[in-house]
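>>> below are the sequence and a predicted model for it; my questions follow.
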Amino acid sequence: MNKVVQIFSKETKYQNESDKIRLTLRMILVMSVCISIFELAVELIFMDTVGRIPTVIFLSLFVLLLISSYYAKSKPVIVITNVVWLFWIASQLRIFGWASGAWQIVILMSIVPICCYYARMRWKLLMVLGLYAYLLSVYLYVEKLGTAVSPDPISSFLVFSCTSLCVFFTIVYIVYIFVKEERSEERKLVKYNIQLANQARTDALTGLFNRRYVLDELAKIYEENDPLGFCVAMCDVDFFKKVNDNYGHDVGDVVLKKVAETMQETIQDEDISARWGGEEFLLVFPKSNGDQAMNKLHEIQRKIRALEFNILDRSFKITMTMGLAEYDFESDVDTIIKAADEKMYSGKENGRDQIVF
């Protein structure tokens, strides 16, 4: 199977040839060969010799065109294929009538220029309209002269079924190969946009939301003016400068990551944790009063105190000072954040490792 796929998708010696156009060309030629072979088989079994000669001629032409697709440029082969199709459709309809389903090839022909021709859209639409006019003219031609043979219902059904099936799968295949790459690129673009959005709102070191994002979310919460209110807590790692000085900035980064992880594990889904800057963190508790927020902060404080960092033969622990401000339904966001910040610094001045509310 893989060998067949390799042969089917084999490149020509010409550069700058579109893979999609080349595969489309070969698919429509394989389809034409299959329909011609099937029609010839039906004619040999069920019908007289009237339609056999044209069928053999067109079958030979399609085989030659398929072979030439491996040695010639795709564009001229597609143009010649379309010309051969026009005569083929007229021949089939004249011999077998509309029951053969050959008119369905016109539908496929209207798709090929849209996908394979490098022309402006108005010229492509003119080609499609020209094909529609061609189909009407062939219809009038057949209606006036009638068919050369009168195929029985079985042979008509078989030819129609084969033509319909081949055209259907060819259209599906063409759409697939032209859409596949675009869908893949679209998925990559969506994924990239999601990554950019995450980067724009996330702190690179801790994985928490950044200052910009939390301010936007606070603005939304403030605008909602929920009767349950909300609380804001400003948190700072105590003596963090000593950690950096004594153990290095890499260890300081480890401390900040662990603090962020502890906060994320403790707060609820609707709460927001963000890195405010440096060793400062901002926690937002929507739909919570001061007592409810205090319970969460006490839990965070307990877990932070329990953390232990081991660096070679030395170990140390950390604490945090937190300031909590409750929305009073009068102050704006900046005022609430400032109040939480002032309470945190008040805790710093009064011994650290405490929650000031």
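Here it is on my side, so go on.
>>> quick check: mean pLDDT across the host helix or strand of L136?
For L136, the element it lies in under DSSP states H and E is helix 121-145. What helix 121-145 shows for mean pLDDT is 82.
>>> other SSEs contacting it?
On a contact count with 3 or more Cβ pairs under 8 Å, 6 or more residues apart in numbering; DSSP states H and E, helix 121-145 meets helix 74-96, helix 104-116. Just so you know, the C-beta spots here come from the backbone N, C-alpha and C atoms, and that holds for glycine as well.
>>> quick check: the residue lying closest to V106 once chain neighbours are set aside vs N310, distance?
Using Cβ to Cβ, 6 or more residues apart in numbering and skipping residues adjacent in sequence, the residue nearest V106 is L135, 4.9 Å away. Between L135 and N310 the computed distance is 82 Å (Cβ to Cβ, to the nearest Å).
>>> compare those two (neighbour count), which wins?
Using other Cβ atoms under 10 Å, the more surrounded residue of L135 and N310 is L135, with 18 against 8.
>>> and the angle for the strand or helix carrying L59 with helix 74-96?
For L59, the host element (DSSP H and E) is helix 52-68. Inter-element angle recorded for helix 52-68 and helix 74-96: 170 degrees (by axes from the mean of the first three to the mean of the last three Cα atoms, to 10 degrees).
>>> still on that earlier bit, so the residue nearest to V106 sits right up against Q104, yeah?
No. L135 is beyond contact range of Q104, at 10.3 Å (criterion: Cβ atoms under 8 Å).
>>> list the buried residues in stretch 68-75.
Judged by neighbour count using 16 or more other Cβ atoms under 10 Å, the buried positions of stretch 68-75 are S68, S69, K73, S74, K75.
>>> cool, and stretch 275-293?
For stretch 275-293, by 16+ other Cβ under 10 Å, it's R275, W276, E279, E280, F281, L282, L283, V284, F285, P286, S288, A293.
>>> nearest spatial neighbour of the fifth one, skipping sequence neighbours?
Read that as F281. Spatially, and ignoring its direct neighbours in sequence, F281 is nearest to C235 (4.4 Å; Cβ to Cβ, 6+ apart).
>>> list the beta-bridge partners for that neighbour.
With DSSP bridges as the criterion, C235 is bridged to F281, M322.
>>> and it, how far is that from G278?
Distance from C235 to G278, by Cβ to Cβ: 12 Å.
>>> need the buried residues of stretch 275-293 in TSV (columns: pLDDT and distance to K317).
As requested, those are exported to TSV (pLDDT from 0 to 100; distance: Cβ to Cβ, whole Å):
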residue	pLDDT	distance to K317
R275	94	21
W276	94	22
E279	93	15
E280	95	19
F281	96	18
L282	96	23
L283	96	21
V284	95	27
F285	95	26
P286	94	31
S288	91	28
A293	93	24
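>>> now, which of these sits nearest N82?
Lowest distance from N82 to the buried residues of stretch 275-293 (Cβ to Cβ) belongs to R275, with 62.9 Å.
>>> excluding covalently adjacent residues, which one is nearest to P286?
Closest residue in space to P286, ignoring its immediate chain neighbours: F230 at 4.7 Å, by Cβ to Cβ, 6+ apart.
>>> in contact with that neighbour, which residues?
Contacts for F230 (Cβ atoms under 8 Å, 6 or more residues apart in numbering) come out as I221, V284, F285, P286, K287, S288, Y327.
>>> rerun that using 6 Å as the cut-off
Residues in contact with F230 (Cβ atoms under 6 Å, 6 or more residues apart in numbering) are I221, P286, Y327.
>>> could you pull up the residues touching the first one?
It refers to I221. Listed by Cβ under 6 Å, 6+ apart, the contact set of I221 reads F230, P286.
>>> quick one: it from D332, how far?
Distance, I221 to D332, by Cβ to Cβ: 12 Å.
>>> mind listing the strands for the stretch 251-357 of the chain?
272-277, 280-286, 309-311, 314-316, 320-326, 355-356 (DSSP state E, counting those that start in this stretch).
>>> adding distance to A204, write these out as JSON lines.
Listed next are these as JSON lines, based on distance: least, Cβ to Cβ, whole Å:
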{"stretch": "strand 272-277", "distance to A204": "9"}
{"stretch": "strand 280-286", "distance to A204": "15"}
{"stretch": "strand 309-311", "distance to A204": "21"}
{"stretch": "strand 314-316", "distance to A204": "25"}
{"stretch": "strand 320-326", "distance to A204": "21"}
{"stretch": "strand 355-356", "distance to A204": "28"}
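>>> which one of these lies nearest to Y213?
Among these, the nearest to Y213 by Cβ to Cβ is strand 272-277 (6.7 Å).
>>> got the angle for the closest one vs strand 280-286?
160 degrees.
>>> okay, angle between the helix or strand hosting K220 and strand 272-277 too, please.
In this structure, K220 sits in helix 211-224 according to DSSP H and E. Using the same axes, to 10 degrees, the direction of helix 211-224 lies 130 degrees away from that of strand 272-277.
>>> would you mark the buried spots in helix 211-224?
Judged by neighbour count (16+ other Cβ under 10 Å), helix 211-224 contains these buried residues: Y213, V214, L215, E217, L218, I221.
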